[in-house]
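> Starting from these lines, generate the structure:
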Amino acid sequence: MDIRTTENPVIRWAGRGLKRLNDRHPWNHNHHFHPWILRSLPATSGRVLDVGCGRGDLVAALCAHAGRIDGIDPDQAMAYASATRFHENPRVRIWRRTLAEHSEHSEHSEHAEHSGLLGTYDAVTMVASLHHMDLDEALLQARDLLCPGGRLLVVTLVRPAGVLDQLWDVANALANPLIGMLKHPRPAPEPSRPASREPGIVVQEPREISPPVREAAWSLGTLRERADLIVPGAVLRRREGFRVTLRWQKPRELTA
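Just a heads-up that it's a prediction; the model follows:
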């Protein structure tokens, strides 16, 4: 039984109660791992690629730790928002691309050396983007884009596929509001109804664009199995916020 999708009335009732607590003390599960990403970067990071950069929050954090940051996102709204955010920063470049397209461009561009697309990234980061892609292809492409000694740093979702996974989901569900209360002790204000300028007319405030959402199609076991083959030696950890982290350093000499 998957507690994320079950129709069990007791679990659904408990889930609604936990959601109310989470709404009162919200926290961003992806931003929570930005410090882990920054701590895990190589000592010298001349060039970093952020895959699935979204609105560019991690890109902004990376600016203090890398000489050049490239961000890619296949979603038009996300890529536009990020490109607009950094349009005056000469050290940041944003493309509307998939990882596959970026990898292919790095291999065939006549100006790759000058455009920064050769496999010379000191780090490739993925926060909540790996599960949107084909697992094997994404790991292979990220591996090939890294320079020798470069690091792959991933924060991802996985699908529960066993008793241990289910227990970990329960632990995460219970810990989630506690982490929120630690991060934001004061309850978040209730959303207010926009004021009407004229009777019967409600002014609609512009909404912040949200990134696409997708459930993971593979489990931690599958991720571990594929990582062992493609990026052997990768360190995987179950983490809070229903997340899993993967950390891998490319050997100085990699055999196919």
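
> CA atoms only: put stretch 48-58 into PDB for me.
Only the C-alpha atoms of stretch 48-58 are listed here, as PDB (Å, rounded to 0.1, in the frame of the first residue of the first chain):
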ATOM      1  CA  VAL A  48      28.700  24.300 -13.000                       C
ATOM      2  CA  LEU A  49      25.700  23.000 -14.900                       C
ATOM      3  CA  ASP A  50      22.300  23.100 -13.100                       C
ATOM      4  CA  VAL A  51      19.900  20.700 -14.800                       C
ATOM      5  CA  GLY A  52      16.200  21.700 -14.400                       C
ATOM      6  CA  CYS A  53      17.100  25.200 -13.100                       C
ATOM      7  CA  GLY A  54      13.500  26.300 -12.700                       C
ATOM      8  CA  ARG A  55      13.300  29.900 -11.600                       C
ATOM      9  CA  GLY A  56      17.100  29.900 -10.900                       C
ATOM     10  CA  ASP A  57      17.100  29.700  -7.100                       C
ATOM     11  CA  LEU A  58      20.000  27.300  -7.000                       C
END
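
> Quick one: mean pLDDT for it?
Confidence for stretch 48-58, expressed as mean pLDDT, is 97.

> chain center to that stretch, what's the gap?
The chain centroid and the centroid of stretch 48-58 are separated by 8 Å under Cα atoms, centre = their mean, to the nearest Å.

> buried stuff in that stretch?
48-58 (16 or more other Cβ atoms under 10 Å). C-beta: built from backbone N, CA, C; applies to glycine.

> Tell me, how many residues neighbour the spatially closest residue to residue 68 that is not a sequence neighbour?
Closest residue in space to residue 68, ignoring its immediate chain neighbours: residue 47 at 4.6 Å, by Cβ to Cβ, 6 or more residues apart in numbering. Other residues near residue 47 come to 21 when the count uses other Cβ atoms under 10 Å.

> which residues does the spatially most central residue of the chain bridge with?
By Cα atoms, centre = their mean, the chain has its centre lying nearest to residue 127, at 1.6 Å. Residue 127 forms beta bridges with residue 155, as assigned by DSSP bridges.

> Looks like it contacts residue 30 (just checking).
Yes: using Cβ atoms under 8 Å, residue 127 makes contact with residue 30 at a distance of 5.0 Å.

> what touches both of those two?
residue 155 (Cβ atoms under 8 Å, 6 or more residues apart in numbering).

> After the longest helix along the chain, which helix or strand is next?
Longest helix in the chain, counting residues (DSSP state H): helix 163-183. Next helix or strand after helix 163-183 toward the C-terminus (DSSP states H and E): helix 220-230.

> Could the C-alpha coordinates of that following helix be exported in PDB?
Only the C-alpha atoms of helix 220-230 are listed here, as PDB (Å, rounded to 0.1, in the frame of the first residue of the first chain):
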ATOM      1  CA  LEU A 220      15.400   3.800  -4.700                       C
ATOM      2  CA  GLY A 221      16.400   0.200  -5.500                       C
ATOM      3  CA  THR A 222      16.200   0.900  -9.200                       C
ATOM      4  CA  LEU A 223      18.200   4.100  -8.800                       C
ATOM      5  CA  ARG A 224      20.900   2.300  -6.800                       C
ATOM      6  CA  GLU A 225      21.100  -0.500  -9.400                       C
ATOM      7  CA  ARG A 226      21.400   1.800 -12.400                       C
ATOM      8  CA  ALA A 227      23.900   4.100 -10.500                       C
ATOM      9  CA  ASP A 228      26.100   1.100  -9.700                       C
ATOM     10  CA  LEU A 229      26.400   0.400 -13.500                       C
ATOM     11  CA  ILE A 230      26.600   4.000 -14.800                       C
END
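
> what comes into contact with that helix?
135-136, 139-140, 143, 156, 158, 161-162, 165, 234, 236, 238, 244, 246, 248.

> how about the next helix or strand after that helix: buried residues?
On the C-terminal side of helix 220-230, the closest following helix or strand by DSSP H and E is strand 235-239. Neighbour-count burial for strand 235-239, with 16+ other Cβ under 10 Å as criterion, is recorded at 236, 239.
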